[in-house]
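Trainee: have a look at this prediction, sequence included:
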Number of protein chains: 2
Amino acid sequence: MPSLEHAAADPQFMARALELARKGIYSTHPNPRVGCVIVADGKIVGEGWHARAGEPHAEVHALRQAGAKARGATAYVTLEPCSHHGRTPPCAEALVDAGVARVVAAMQDPNPQVAGRGLLRLMQAGITVQSGVLEAEARALNAGFIKRMEKGLPFVRVKLAMSLDGRTAMASGESQWITGPAARAAVQRLRAQASVVLTGADTVLADAARLTVRPDELGLNAELTALAMTRPPLRVLVDGRLRVPLSTPFYQAGAALVATCAAASARDRFLEEGHTLLAIPGSNGHVDLRKLLTELASQGANEVLVEAGPRLAGAFARLGLVDEYQLFVAAKFLGSSARPLLDMPLARMAEATPLKITEMRAVGDDWRIIAVPDTAR
Amino acid sequence: MPSLEHAAADPQFMARALELARKGIYSTHPNPRVGCVIVADGKIVGEGWHARAGEPHAEVHALRQAGAKARGATAYVTLEPCSHHGRTPPCAEALVDAGVARVVAAMQDPNPQVAGRGLLRLMQAGITVQSGVLEAEARALNAGFIKRMEKGLPFVRVKLAMSLDGRTAMASGESQWITGPAARAAVQRLRAQASVVLTGADTVLADAARLTVRPDELGLNAELTALAMTRPPLRVLVDGRLRVPLSTPFYQAGAALVATCAAASARDRFLEEGHTLLAIPGSNGHVDLRKLLTELASQGANEVLVEAGPRLAGAFARLGLVDEYQLFVAAKFLGSSARPLLDMPLARMAEATPLKITEMRAVGDDWRIIAVPDTAR
């Protein structure tokens, strides 16, 4: 007879499942990060998390570890178990086959086309099913995957480094070393967790930026570093007029995708060097950024990290395409002739973007501010 | 026989004395904030704090409360007891007369001319004396008084309100309501604790600023509000060319001091309206700010709060006269054509002012950043 776990302990076991899911933050793209815990008689008997697309899902790992103890147990999963045959068999079936008595999910599948199907399959097999435990935390962990499923767009995070008076570089362009090593490591981790790191021609030309993930700068343990390096983010350059030569460090650092409004006739030249050219319509030589994001989402991009200068970052901001700003603030004043944070001329206060600051904390000698558009205001 | 308290409890009793001293934060000008605790047999038998210049010092209040229990007790004072006859008799004598056995001071008198004399007087009377318990906290509480005593200059705190991208107002000058009510109350308290609130002609003309302390906006309890209102800060206007007419709200709000390089012949006109005109040399119609600060210090100003526009605040910054920045940050972007935080054109990164951010915390919907010049870098 199956022993049902007491629901009061649900958040605690789900928190552990989320902790496991987080291990996949650098590697599950384009899949979501998912963790699973199997609990029998109040004790954890199996744990699992999804590491990489094509490899077993979290539930499979946890069930394997639990073995016969899964019979009559409760399974905690951070996302509704899948019910379809993808690259791996459906996890709902695996849970049924293992004989679990109860399944607690943090959230339903965000894809409106399949949401609820996995839970339904479990219920039909006589399993007690619940959803919504630590749902906000689960949604935050997969904000990109969820947005892609629900809206057909990736989650766009804009990283900016600025002085305390909101400047990014001197008027001359001098900008190296605004922030210190701890802030740079934090940016490396933001890159590593993104599906796409996106930049513009200005940045690549002015700063010789490569936008790569460098294992020794991640500040992660060996396991996570290795996982991160097996799945580097796609580097995307927005270069409407193809101003950036193929000899720049950005292109030399590895295969990249360039989004342009220039004629597709240039494509072969990029293909020969191992790069991909994506022709996106635009106006005045400026790529239509919404179309570009839609295209990236259709290729599986969950999270896009924008690391660009004030013009391109300002364009994303003006178009309302930004989901989160991460501002790395150096404790210095660069003065009033230095370059602005965002090239976004506004005439009236009422046009100002209302934001909600969700975090301010020290990162080495610098500070990190996380702000999101405040839709309530 | 006097019973000596155990030194292990010293920080705890000194912390209480500092807590008492803090009650005088809005009212002791030009005196320092001082608290005192008398401890006998491990128990507090008397407490006192200095409320207003001319009224009894902290030690006197505490000794009165302790009465006969002061004999053989330990006295904790946040500042070395005075040894000179001022508006009140010397506290060192009062402690000797009361028969205390031990005196613990957080710090010596910051005036190099008299430092140590109070402690010496106590030692000569056979009292055990110690100094330096919670000294950093005690110095922070009286940073202005200490700077005036040691350097002949006041502690200069610059308050700025800005958007997340470091802007203070739209290009048009539109600037009302950048920050919310909680931030405005915090600014009111900064004004109330200052000896001087200083502003410039631009701010007074453009924003009709009055720079007054308003009791209902302080957000303090009745006792502290009453204390604050008995000792409002001196409002100082820097107006090199006397551009601001006497009919503006700033002058109409009460007696003020105007610092100018204009001819002293204008003095009578201001005197008639109850204001004071201070002639300070300058160049190009700009008041010499260091000379002004020296003059204010000689008049007893411990803390000067600068609430000015980018030009005047930028001038203080450029001259290295700022001890602390308090930035109130509204969670919005005002864009790249909005007005800068500080009018301080720098050409090279090396000229940038290195700062140390000591605090970032939420104030209502806004955030407060406290930064100080980083002399270590």
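Mentor: Here it is on my side, so go on.
Trainee: where does the stretch 51-200 of chain A have low pLDDT?
Mentor: Applying pLDDT under 70 to the stretch 51-200 of chain A flags residues A:175-177.
Trainee: all helices for it, in order.
Mentor: With DSSP state H, counting those that start in this stretch, the ranges of helices along the stretch 51-200 of chain A come out as A:58-66, A:91-98, A:117-124, A:135-141, A:143-151, A:181-193.
Trainee: then the stretch 201-350 of chain A?
Mentor: A:201-207, A:222-230, A:249-252, A:267-272, A:289-298, A:310-318.
Trainee: quick one: mean pLDDT over the last one.
Mentor: Per-residue pLDDT over helix A:310-318 has a mean of 92.
Trainee: and it with helix A:289-298, angle?
Mentor: 80 degrees (axes from the mean of the first three to the mean of the last three Cα atoms, to 10 degrees).
Trainee: compare the helices of the stretch 201-350 of chain A and give me the one nearest residue A:50.
Mentor: Nearest of these to residue A:50, taken as Cβ to Cβ: helix A:222-230 at 11.3 Å. C-beta here means a position set from N, CA and C on the backbone, and glycine is covered the same way.
Trainee: run the angle between that closest one and helix A:181-193 for me.
Mentor: 60 degrees.
Trainee: how far does helix A:222-230 sit from the chain's center?
Mentor: Between the centre of helix A:222-230 and the centre of its chain there are 16 Å (Cα atoms, centre = their mean, to the nearest Å).
Trainee: buried ones in it, by neighbour count?
Mentor: The neighbour-count criterion (16 or more other Cβ atoms under 10 Å in any protein chain shown) identifies A:224, A:225, A:227, A:228, A:229 as the buried residues of helix A:222-230.
Trainee: tabulate the residues you listed in a markdown table, adding columns for pLDDT and distance to chain B.
Mentor: Formatted as a markdown table, those follow (pLDDT from 0 to 100; distance: Cβ to the nearest Cβ, whole Å):
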| residue | pLDDT | distance to chain B |
| --- | --- | --- |
| A:224 | 94 | 28 |
| A:225 | 96 | 30 |
| A:227 | 94 | 32 |
| A:228 | 94 | 29 |
| A:229 | 95 | 33 |
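Trainee: returning to what we had before: just name the most buried of the helices of the stretch 51-200 of chain A.
Mentor: helix A:58-66 (a mean of 24; mean count of other Cβ atoms under 10 Å in any protein chain shown).
Trainee: who are the packing partners of that one?
Mentor: With contacts taken as 3 or more Cβ pairs under 8 Å, 6 or more residues apart in numbering or on different chains; DSSP states H and E, helix A:58-66 sits against helix A:10-22, strand A:35-40, strand A:43-49, strand A:74-77, helix A:91-98.
Trainee: now the angle from it to strand A:35-40?
Mentor: 40 degrees.
Trainee: contact partners of helix A:58-66?
Mentor: A:17, A:20-21, A:34-38, A:40, A:45-50, A:70, A:73, A:75, A:77-78, A:81, A:88, A:91, A:94-95, A:98 (Cβ atoms under 8 Å, 6 or more residues apart in numbering or on different chains).
Trainee: if I look at the closest residue to residue A:20 other than its chain neighbours, how far off is residue B:76?
Mentor: Excluding the flanking residues, the one nearest residue A:20 by Cβ to Cβ, 6 or more residues apart in numbering or on different chains is residue A:35, at 3.3 Å. Counting by Cβ to Cβ, to the nearest Å, the separation of residue A:35 from residue B:76 is 54 Å.
Trainee: check chain A for the residue nearest chain B and tell me.
Mentor: Relative to chain B, the nearest point of chain A is residue A:166 (2.1 Å; Cβ to the nearest Cβ).
Trainee: so that residue touches residue A:340, yeah?
Mentor: Yes: shown here, residue A:166 and residue A:340 form a contact pair, counting by Cβ atoms under 8 Å, at 7.0 Å.
Trainee: overlap in contacts, those two.
Mentor: residue B:165.
Trainee: compare the two and say which is more crowded by neighbours.
Mentor: Between residue A:166 and residue A:340, counted using other Cβ atoms under 10 Å in any protein chain shown, residue A:166 has the larger neighbour count: 29 against 22.
Trainee: for the residue lying closest to that one once chain neighbours are set aside, what are phi and psi?
Mentor: Closest residue to residue A:166 apart from its sequence neighbours, by Cβ to Cβ, 6+ apart: residue B:166 at 2.1 Å. Backbone torsions of residue B:166, given as degrees, to the nearest 10, read phi 70, psi 30.
Trainee: show me the contacts for residue B:166.
Mentor: Contacts of residue B:166 (Cβ under 8 Å, 6+ apart): A:162, A:163, A:164, A:165, A:166, A:167, A:341, B:340, B:341.
Trainee: write the PyMOL selection for whichever of those are buried.
Mentor: Buried members of those can be picked out in PyMOL with the line below, counting by 16+ other Cβ under 10 Å:
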select buried, (chain A and resi 162+163+164+165+166+167+341) or (chain B and resi 340+341)
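Trainee: list the ones among the contacts of residue B:166 that fall in strands.
Mentor: A:162, A:163, B:340 (DSSP state E).
Trainee: so which of these comes closest to residue A:193?
Mentor: Once Cβ to Cβ is applied, the member of the ones in strands among the contacts of residue B:166 that ends up nearest residue A:193 is residue A:162, at 21.8 Å.
Trainee: that closest one and residue A:169, how far apart?
Mentor: Distance from residue A:162 to residue A:169, by Cβ to Cβ: 9 Å.
Trainee: mutual contacts of those two, please.
Mentor: Residues touching both residue A:162 and residue A:169 (Cβ under 8 Å, 6+ apart): residue A:178.
Trainee: give me the distance between the two termini of stretch A:22-38.
Mentor: 17 Å (Cα to Cα, to the nearest Å).
Trainee: would you mark the buried spots in that stretch?
Mentor: Buried, per 16+ other Cβ under 10 Å, within stretch A:22-38: A:22-29, A:31-38.
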